[in-house]
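[1] can't give you the sequence, but here's the structure:
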């Protein structure tokens, strides 16, 4: 079976201390760029969500999610493999091959 995703996401459940460090670092790196924002639309569902679009033009975005009700912190990474590998932003499916999977992993690393 061949799977051709447009985007995929990775989620990391993170202890409070590490989550706070990573979120603070994202805000520190965003100074003057206004690229880390608190999302209002998802705030009720997830608690508080901070969105970092610093690498969006390269096909990668981050969400820092703190859920008060579950007392859980998550960092969500959304990747558009076509864009990471230099393609345009046209919503099309990425066709994985051995070659472009290796290139994607190299670029994400």
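    Yep, that arrived. In this text, all values refer to a predicted model and were calculated from it rather than measured experimentally.
[2] going forward, measure contacts and count neighbours with C-alpha atoms only.
    Will do.
[3] Point out where this protein drops to low pLDDT.
    Scanning the chain for pLDDT under 70 picks out 1-5, 32-35, 37-46, 88-94.
[4] Strands along that one, start to end?
    All strands of the chain, identified by DSSP state E, fall at 8-14, 36-39, 48-52, 60-67, 72-79.
[5] With mean neighbour count and distance to residue 99 added, can I get those in JSON lines?
    Putting those into JSON lines (neighbours: other Cα atoms under 10 Å; distance: least, Cα to Cα, whole Å) gives the following:
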{"stretch": "strand 8-14", "mean neighbour count": "12", "distance to residue 99": "18"}
{"stretch": "strand 36-39", "mean neighbour count": "16", "distance to residue 99": "33"}
{"stretch": "strand 48-52", "mean neighbour count": "21", "distance to residue 99": "29"}
{"stretch": "strand 60-67", "mean neighbour count": "22", "distance to residue 99": "20"}
{"stretch": "strand 72-79", "mean neighbour count": "19", "distance to residue 99": "18"}
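[6] Any chance of those in a markdown table with distance to residue 85 as columns?
    Formatted as a markdown table, those follow (distance: least, Cα to Cα, whole Å):
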| stretch | distance to residue 85 |
| --- | --- |
| strand 8-14 | 14 |
| strand 36-39 | 24 |
| strand 48-52 | 20 |
| strand 60-67 | 11 |
| strand 72-79 | 11 |
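[7] same for the longest helix along the chain, what does it pack against?
    In the chain, taking DSSP state H as the definition, the longest helix is helix 16-30. Helix 16-30 is packed against strand 36-39, strand 72-79, with contacts defined by 3 or more Cα pairs under 8 Å, 6 or more residues apart in numbering; DSSP states H and E.
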